[in-house]
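> generate a structure from the sequence data that follows.
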Amino acid sequence: MILSFHPCYVAEVNRLCAGRDPDEADLAAIRSADAVILPQGCRPSLYRMARQNNPHVFPNYDACFDYPGKTGQARLFQKLDAARPRTWIFENTEQFRRRGTAVHDAGFPLVLKLDWGGEGETVFLLRTLAELKDAVATAAGYERTGQAGFVIQRFIPHGHRSLRVAVIGHSRAAYWRVQDSSRVFGTSVAKGARIDTTSDSHLIQMGQGMVDAFCRRSGIDLAGIDLIFEETAQADESPRPLFLEINYFFGRTGLGGSERFYEILQAAIDRWLADRGLAVSRTSTETCSGDKP
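Have a look, this model is predicted:
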């Protein structure tokens, strides 16, 4: 029996755990299932219950919950020795006050990323010491509401584009997000970036190969992983790919929209089950449109 907590994946037994922690009935269902399918927006409590009581759980969110937020991702990149911009990790502004001298000495521009947020909403380009102080003051304000932690990275010239590699089971979809406006910092679609699936195909293949290797080591099988390619001074040199961040709940515009995403996801889960000698007996093949563009 396959158990699905995902509202868009139909299995033999379907349960919803949205807006609540799992209960004893959920636990009993997990223990009796051959495999468990979880939603992208899975609570830690549901994920831990599933992982501790069933050998087959999709997606693998170990990295998501063991290394949470931007600070956690930075530690994961560090642990797996993934190529990345130079990064300083701060759990709070007090840590920054104690050991922020190294950041000052690194020079500008820099990028500060609060520990949470998506679509570039909590990411700040810092060109001066005054802008750095303002950004740290913003982080201090959030701390007073219980949201703490941030990373600071050296800014890497990257041609105003980033490579998104969407990892959906064994499936991969890679595309550039290109920011044509020089006045806008960030390459998210929400900030006006356009999708480009064809330029520099050799770099796309390089980035996808790096993501494949990273996923084999980290266990990640559902995420949008972003890389940038550092511009080089020599025209005959290939730009260096660097990991930027991991998005466990990611946009779908570059995949063709939500409906297409759920088609890919269903096929990926079906294959994941088949790899384990399992399958879903279903009478419906309907997907849902979801709520993230």
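> so which helix or strand takes in residue 125?
According to DSSP states H and E, residue 125 maps onto strand 123-126.
> give me the contacts around that strand.
Strand 123-126 is contacted by residues 108-114, 117, 131-132, 135, 138, 152, 155, 185-186 when judged by CB atoms under 8 Å, 6 or more residues apart in numbering. Yep, even glycine has a C-beta here, placed from its N, CA and C like the rest.
> go again with 6 Å.
Residues outside strand 123-126 that contact it (CB atoms under 6 Å, 6 or more residues apart in numbering): 110, 111, 112, 113, 132, 135, 185.
> helix or strand right after it?
Using DSSP H and E, the helix or strand that follows strand 123-126 in sequence is helix 129-143.
> which residues are contacting that next one?
By CB under 6 Å, 6+ apart, the residues outside helix 129-143 that reach it are 92, 93, 96, 112, 124, 126, 150.
> how about 10 Å then?
For helix 129-143, contacts defined as CB atoms under 10 Å, 6 or more residues apart in numbering pick out 90, 92-94, 96-97, 100, 103-104, 108-117, 122-126, 128, 147-150, 152.
> so after that helix, what's the next helix or strand?
Next in sequence after helix 129-143, counting helices and strands by DSSP H and E, comes strand 150-154.
> tell me what that next one is packed against?
If you count contacts as 3 or more CB pairs under 10 Å, 6 or more residues apart in numbering; DSSP states H and E, strand 150-154 packs onto helix 69-79, strand 87-90, helix 93-99, helix 101-106, strand 110-114, strand 123-126, helix 129-143, strand 240-247.
> picking up where we left off before, and the contacts of strand 123-126, which two are furthest apart?
132 and 185 (14.9 Å; CB to CB).
> of these two, give the one with the bigger neighbour count.
residue 132 (21 against 16; other CB atoms under 10 Å).
> dig out what residue 176 forms beta bridges with.
Legend: beta-bridge partners of residue 176 under DSSP bridges are residue 163, residue 196.
> look up how far residue 205 lies from it.
Applying CB to CB, to the nearest Å, the value for residue 176 to residue 205 is 13 Å.
> again with residue 8
30 Å.
> low pLDDT regions in the stretch 51-200 of the chain?
For the stretch 51-200 of the chain, applying pLDDT under 70 flags the ranges 119-120.
> how about a cut-off of 80?
In the predicted model, the stretch 51-200 of the chain carries pLDDT under 80 at residues 118-121.
> tell me the contacts of the spatially most central residue of the chain?
Residue closest to the average C-alpha location in the chain (CA atoms, centre = their mean): residue 247, at 1.5 Å. Residue 247 makes contacts with 73, 118, 119, 164, 166, 188, 223, 224, 225, 226, as judged by CB under 10 Å, 6+ apart.
> who does it form a beta bridge with?
On the basis of DSSP bridges, residue 247 is bridged to residue 224.
> distance of it from residue 73?
To residue 73, residue 247 is 10 Å away according to CB to CB.
> just residue 164 next, same as before
From residue 164 to residue 73 the distance is 15 Å (CB to CB).
> before we move on, what about residue 18?
Distance, residue 18 to residue 73, using CB to CB: 25 Å.
> helices of the stretch 151-293 of the chain, start to end?
201-218, 258-275 (DSSP state H, counting those that start in this stretch).
> dump those into JSON lines; add distance to residue 28 as well.
Listed next are the helices of the stretch 151-293 of the chain as JSON lines, based on distance: least, CB to CB, whole Å:
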{"stretch": "helix 201-218", "distance to residue 28": "31"}
{"stretch": "helix 258-275", "distance to residue 28": "21"}
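> wait, which of those is closest to residue 24?
Nearest of the helices of the stretch 151-293 of the chain (CB to CB): helix 258-275, 25.9 Å.
> what mean pLDDT does that closest one get?
Here helix 258-275 scores 97 as its mean pLDDT.
> how far off centre is it?
Centre-to-centre, helix 258-275 and its host chain are 18 Å apart (CA atoms, centre = their mean, to the nearest Å).
> now the residue nearest to residue 40 when sequence neighbours are not counted: how far from residue 204?
Using CB to CB, 6 or more residues apart in numbering and skipping the chain neighbours, the partner closest in space to residue 40 is residue 249 (5.0 Å). Applying CB to CB, one obtains 23 Å for the distance of residue 249 from residue 204.
> neighbour count for the two, which is higher?
For residue 249 and residue 204, the more surrounded residue by other CB under 10 Å is residue 204, and the numbers stand at 19 against 14.
> and the gap between the residue nearest to residue 35 when sequence neighbours are not counted and residue 2?
For residue 35, ignoring the flanking residues on the chain, the nearest one in space by CB to CB, 6+ apart is residue 56 at 3.8 Å. Computed as CB to CB, the residue 56 to residue 2 distance reads 9 Å.
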